[in-house]
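Engineer: Using only what follows, build the 3D model:
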Amino acid sequence: MMLRRTFLAAAAAVPAALRPEALRAQPGVDAPQPRLPTEPLVIVTRDGRRHGFTVEMAVDPSQQMIGLMFRPSVKPDEGMLFDWGAPRESSMWMRNTIASLDMVFIAADGRIHRIAERTVPQSLATVASNGPVRATLELAAGVTERLDIRAGDRVLHRIFGTAP
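Structural biologist: I've put the predicted structure just below:
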């Protein structure tokens, strides 16, 4: 009988945030954030081919923290651009990201610095830019290979002072 009372007293002390009714999906926490405002972006490859994308703009820390988490897929002509505001080292991970992505790290002048292809969904491994970048672009896995996009190619977007 004493054990039962102790259990009931402990159950009553559980904080409200941990009760089952509070554990439902919360947008931006354990569900996809609403789509962010979009802008056009163009990647020009070394042979002059232009590839257009519509990218969601992740500009504030809360948007950047969530990114494309919990989204089941990314369309081949869409993505998300993380604008860091100024050049810095960029380190990303795939926690709670269920779609594989290509991560394109872009220098302040709009040149692609590095590409991490086909990142592993749900991985906690860090994917680093390996140098200062102004932005990171996330695309559907395989897009950079299919379009033959490489380091050194140019990204046209307003944050780099170029219009698409």
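
Engineer: Local confidence estimate at residue 64?
Structural biologist: Note on residue 64: pLDDT of 88.

Engineer: Over to it. Which of the three states is it?
Structural biologist: helix (DSSP: H, G, I helix; E, B strand; the rest coil).

Engineer: so what's it up against?
Structural biologist: Taking CB atoms under 8 Å, 6 or more residues apart in numbering, we find residue 64 in contact with 58, 82. Yep, even glycine has a C-beta here, placed from its N, CA and C like the rest.

Engineer: what's the distance between it and residue 42?
Structural biologist: Counting by CB to CB, to the nearest Å, the gap from residue 64 to residue 42 is 22 Å.

Engineer: Could you do residue 126 as well?
Structural biologist: Distance of residue 126 to residue 42, computed by CB to CB: 29 Å.

Engineer: same thing with residue 58?
Structural biologist: 19 Å.

Engineer: the more surrounded of the two?
Structural biologist: residue 58 (24 against 15; other CB atoms under 10 Å).

Engineer: Contacts only, for the more buried one.
Structural biologist: By CB under 8 Å, 6+ apart, the neighbours of residue 58 are 36, 64, 67, 80, 81, 82, 83.

Engineer: and it, bridged to which residues?
Structural biologist: residue 82 (DSSP bridges).

Engineer: State the number of residues packed around residue 146.
Structural biologist: 12.

Engineer: And residue 38, by the same measure?
Structural biologist: Per other CB under 10 Å, the neighbour tally for residue 38 reads 15.

Engineer: quick one on the thing from earlier: of the contacts of residue 58, which is the nearest to residue 103?
Structural biologist: Distance to residue 103, by CB to CB, is smallest for residue 82 among the contacts of residue 58, at 9.4 Å.

Engineer: wait, the closest one sits on residue 129?
Structural biologist: No: taking contacts as CB atoms under 8 Å, residue 82 lies outside contact range of residue 129: 10.7 Å.

Engineer: Overlap of the contact sets of those two?
Structural biologist: 90, 136.

Engineer: how about low-confidence regions in this protein?
Structural biologist: Scanning the chain for pLDDT under 70 picks out 1-33.
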